[in-house]
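Visitor: below are the sequence and a predicted model; questions follow.
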Amino acid sequence: MTQREQLVLTGARLVDPSQHIDGQGWLLVREGRVVALGVVGVDGNDVDSHELKAHLAASDAPVRTVELPSTWVLAPGFVDLHAHLREPGFEGKETIASGARAAARGGFTTICCMPNTNPVIDSRATLDFVLARAKGASARVRPIAAISKGEDGRELSEMAELAEAGAVALSDDGRPVHSSRLMRLALEYAAPLGLPVVEHCQDEDLVGGGVMHEGAVATMLGLRGWPAAGEDVMLARDLALVRLTGAHYHAAHLSTSGAVELIRAAKAEGLPVTAEVTPHHLLLTDSWVAGERTGPLASALAAEGTALAPGWRYDTATKVNPPLRTETDCAALLAGVLDGTIDAIATDHAPHTLVDKDCEYGDAAFGISGLETALASLLTLERAGRLPLGTLIAALTVRPALAWGLAAGTLLPGADADIIIFDPGEEWIVDPARFASHGRNTPLAGVSLRGRVRMTLLGGAVVYDATHESQETLESAH
Amino acid sequence: MTRAGKVAYQCSFCGKTQEQTKRLIAGPNGVYICAECVALCREIIEQETPPPVPVPGQWTAKTNNSVSTSAPLTSAAPTRRQHVLDLDDWTPDELRAVLRRAADMREMLSQPEVRLRTLQGRVLVNLFYENSTRTRISFEVAGKKLGADVVNVTASASSVTKGESLRDTVETLQALGAQIVVARSSQSGAPDLIARAIRGGVVNAGDGWHAHPTQALLDLFTLERHLETVAGKRIVILGDILHSRVARSNIWSLTAARAEVVLCGPRTLLPPAADELYAARPVPGTGAARRVMVEPDCTRALTNADAIMVLRLQRERQQAGLLPSLREYSRRYGLNEARLKLAKPGALVLHPGPMNEGLEIASSVAHGSASVIEEQVTNGVAVRMAVLEMVAEALAVETAGTKE
């Protein structure tokens, strides 16, 4: 679409939880923003509604109307509070450009990137570099700055300047803030800046050299486990510090039922806490490390008659931090999303090179490349009747945006036209070789999923179009 | 196998040339046989001898009888495994078949001049990323007794610090003609990785805390030689089970052979969720429940034991804080003569070696009448020969199957 064009998207199912909208309708985009939208059947609206005509008449710009299948869903672009884009320092794993393309391909239009790069995003210079690299990328990249200089857990970073330069949160992610005193100081210093302090909840002392969840599977495989208590202990400590300081605290990638319980109680108490969970912690269990592949994803697919083939033992694609845990934890995490205890579903997109993963389990890097499989894997829960589409989309759009005060995740008139259109029924096989991300590390390789992003618009401009992608692939094949 | 010159070697049975088959095995006096004919011969032999191959020695016969009373004997020949990575999925039939063959091998070992040709022309690589003199030598002797060309690769550093990935190493070995890789690594799962990377066979010679299947097989073999059968017997595994691949593999094989296994050690050295693990995984083939008990109290554990497997205690465990002191460990869990008296009269004492005498086991026990520790070493060669033979047969079938 050119800037002069008015774009009308009609016919699809509009789902925007920020406005409690869910129905067939139309949406008008002009000059990169949402102008208006309407849902058929509400207030006598239809696709040729007077309202739309009135809006179109208000401008002399040419109109382009795109008719979409009624089974497709049009939603605000997803907001990811947790992604690793690896640049600067680890461009072999990912770059800001490739990570943003992966985001667009997965339906994410805003991605918050973690500061564990090299150098760490702990100074204005590095933050400016990231923002400069993010210009023109296929997604809005919002950097998270480090809590401590070099993420070494000793001295606070220059948080005020980082906030001024555009940091949206503070985190030493990848590692916990070990020192209770430093965490207290971080919360106090960050509070007036309006930035959440994001914690990777893990008591390193208790977790030690663990490589997977401590339990029967770790015992069978002879791998060093780390107990769920390692997360709960750190979260409990942090919540005591939140009580002390009153500052906004955000718990990254919850993985245990105990952590969900702690956040639930903290919210009930009125503490300013928010939390996120990843798709893989909702869907996969530690059985995947043994190649046995049980858990919510497997059950949902089996119920549809597409049982998963067994994987292999010690598949390093399943090595992730925090680790995949048990069915009980998965169920508690999902309950947390459903009752609002958990604010956001975030990918913790952690791309790695082949070499980082093609080795012994103990030596392999932690992480899953998650941007391009998040939606399709979560839709299995939707079809299984366990996660309503509205709740799913809310946890990927308005709720994370509100949690951190980001202007994103909504189709309200006036908002940036960050829009995704997806076909919830389209079946595809996860083929990491086709990822836009440089990180091909996914435990879902070869799994058949349903639900594919057809088009992603960023500020009204198409940044991803599945139709063109297929054609390109065909052309390059010839 | 000779490859010099341009002589066209042919299978003496079907006439296939060397190029037409993946493997041509040389016999004496210019006789050759191809992989396909080997597979065919094997099939013929199996069809013509429905009951298990009769084996000399009364022990094997008795074992066979005692186990067959409860476990349904299937008429199908047990699967020949191309890889021996762990014993968790082994059926009692498979265990029995390998142990029976090990008995033959042991018989054979008593005649030093006898050698087999099972692995003749095959390259067996001992790929050891962790020091182990005894296991490596045991595999080396076993391989040589079967006629293999044995190559020892000892890498002191881990693959990663060396800068070469395990996969690269394996691909190199394969390019150099390795057909069977015997792998030892400090990393759990390394043999699984090798098995996915190689076209040949892999035998796990111990990986991290995960598995040491040939040790468990030789332990079972040794136990059954003395107890006739382990079915219904109380076998105590004593010591640092958390970090022990020997214990993990033994639990699978002993429970599959219907022993009652008691895990005993300080709680800090017992594996988490062991009860849950074994309860959820019945014996393949029979579906029988595995009987595993966790008993941190040494006196209760040893009472009425039929055999005690003592595990090595690494001194680092104390430095890691898992034990208050080696002294306290030795006093509470060390196997001395007083504790041995709690067990049944004639109970056996095993140890995978190397021992810390005076720490986990008293010298008088280690070298006493109950000890079968030395015999374990001899049996190790026989068991490893049986395992290598099985792997070689599986490879021959595989090769025959994939040829057009």
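Guide: Everything's here; your move. Residues are numbered from 1 along each chain as shown, chains lettered A, B, ... in the order given.

Visitor: in the stretch 1-150 of chain B, which spans are strands?
Guide: Remark: strands assigned in the stretch 1-150 of chain B by DSSP state E, counting those that start in this stretch are B:24-26, B:32-34, B:83-84, B:123-128, B:149-154.

Visitor: ok, which of those comes nearest residue A:412?
Guide: Of all the strands of the stretch 1-150 of chain B, it is strand B:83-84 that lies closest to residue A:412, at 59.0 Å by CB to CB. Placement of C-beta: from N, CA and C, glycine included.

Visitor: for that closest one, which strands pair with it and how are they oriented?
Guide: Strand B:83-84 has these partner strands in its sheet, going by DSSP bridges: strand B:201-207 (parallel).

Visitor: residues from the stretch 151-300 of chain A in reach of chain B?
Guide: Proximity of the stretch 151-300 of chain A to chain B, by CB under 8 Å from any CB of the partner chain, involves residues A:214-225, A:227.

Visitor: on that earlier part again, any idea which of the strands of the stretch 1-150 of chain B gets closest to residue A:8?
Guide: strand B:83-84 (60.5 Å).

Visitor: sorry, back to before: could I get the residues of the stretch 151-300 of chain A next to chain B as a markdown table with secondary structure?
Guide: What follows is those, written out as a markdown table (DSSP: H, G, I helix; E, B strand; the rest coil):
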| residue | secondary structure |
| --- | --- |
| A:214 | coil |
| A:215 | coil |
| A:216 | helix |
| A:217 | helix |
| A:218 | helix |
| A:219 | helix |
| A:220 | helix |
| A:221 | helix |
| A:222 | coil |
| A:223 | coil |
| A:224 | coil |
| A:225 | strand |
| A:227 | coil |
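
Visitor: which of these has the most neighbours?
Guide: Neighbour counts for those (other CB atoms under 10 Å in any protein chain shown) peak at residue A:221, which has 29 neighbours.

Visitor: show me the contact partners of stretch A:326-342.
Guide: A:213, A:215, A:228, A:254-257, A:260-261, A:263-264, A:267, A:275-277, A:281-286, A:294-296, A:345, A:381, A:386-387, A:391, A:395 (CB atoms under 8 Å, 6 or more residues apart in numbering or on different chains).

Visitor: tell me how far it is from the chain's mean position?
Guide: Centre-to-centre, stretch A:326-342 and its host chain are 16 Å apart (CA atoms, centre = their mean, to the nearest Å).

Visitor: and that stretch, what's buried?
Guide: Judged by neighbour count using 16 or more other CB atoms under 10 Å in any protein chain shown, the buried positions of stretch A:326-342 are A:326, A:329, A:330, A:331, A:332, A:333, A:334, A:336, A:337, A:341, A:342.

Visitor: what about the third one, distance to residue A:322?
Guide: Relative to residue A:322, residue A:330 is positioned 13 Å away (CB to CB, to the nearest Å).

Visitor: shared neighbours of these two, anything?
Guide: Among the neighbours of residue A:330, those also in contact with residue A:322 (CB under 8 Å, 6+ apart) are residue A:281.

Visitor: in ChimeraX, select just the buried ones from the contacts of stretch A:326-342.
Guide: Buried residues among the contacts of stretch A:326-342 (16+ other CB under 10 Å), as a ChimeraX selection:
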select /A:213,215,228,254,255,256,257,260,263,264,267,275,276,277,281,282,283,284,285,286,294,295,296,345,381,386,387,391,395
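
Visitor: which of the contacts of stretch A:326-342 fall within strands?
Guide: The strands, defined by DSSP state E, take in A:213, A:275, A:276, A:277, A:345 from those.

Visitor: who does the second one bridge with?
Guide: Okay, so that is residue A:275. Under the criterion used (DSSP bridges), residue A:275 bridges to residue A:251.

Visitor: could you list the low-pLDDT ranges of the stretch 51-200 of chain A?
Guide: Within the stretch 51-200 of chain A, no range satisfies pLDDT under 70.

Visitor: all strands for it, in order.
Guide: With DSSP E, counting those that start in this stretch as the criterion, the stretch 51-200 of chain A has strands at A:63-67, A:73-76, A:78-83, A:108-113, A:140-145, A:169-171, A:197-199.

Visitor: among those, which is nearest residue A:205?
Guide: If you check each of those against residue A:205 by CB to CB, strand A:197-199 wins as the nearest, at 15.7 Å.

Visitor: ok, back up a step: let me have the strands of the stretch 51-200 of chain A in CSV, adding mean neighbour count as columns.
Guide: Below are the strands of the stretch 51-200 of chain A laid out as CSV (neighbours: other CB atoms under 10 Å in any protein chain shown):
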stretch, mean neighbour count
strand A:63-67, 13
strand A:73-76, 27
strand A:78-83, 30
strand A:108-113, 28
strand A:140-145, 26
strand A:169-171, 29
strand A:197-199, 27
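
Visitor: of those, which approaches residue A:51 most closely?
Guide: Checking the strands of the stretch 51-200 of chain A against residue A:51 by CB to CB gives strand A:63-67 as the closest, at 14.7 Å.

Visitor: show me what from the stretch 101-250 of chain B comes close to chain A.
Guide: Contacts of the stretch 101-250 of chain B with chain A, taken as CB under 8 Å from any CB, map to B:158-160, B:165-167, B:185, B:187-190, B:192-193, B:196, B:207-211, B:245, B:248.

Visitor: give me that answer again for 10 Å
Guide: By CB under 10 Å from any CB of the partner chain, the residues of the stretch 101-250 of chain B that approach chain A are B:129, B:158-161, B:165-168, B:185-197, B:207-212, B:241-245, B:247-249.

Visitor: narrow the residues you listed to those that are buried.
Guide: Taking 16+ other CB under 10 Å as the criterion, what is buried in these is B:129, B:158-160, B:165-167, B:185, B:187-195, B:197, B:207-212, B:241-245, B:247-249.

Visitor: ok, now how distant is residue A:198 from residue A:87?
Guide: Distance, residue A:198 to residue A:87, by CB to CB: 20 Å.

Visitor: what does residue A:364 give?
Guide: Between residue A:364 and residue A:87 the distance is 22 Å, computed by CB to CB.

Visitor: then residue B:110?
Guide: 67 Å.

Visitor: of the two, give the one with the bigger neighbour count.
Guide: Taking residue B:110 and residue A:87 together and counting by other CB under 10 Å, residue A:87 has the greater number of neighbours (22 against 9).
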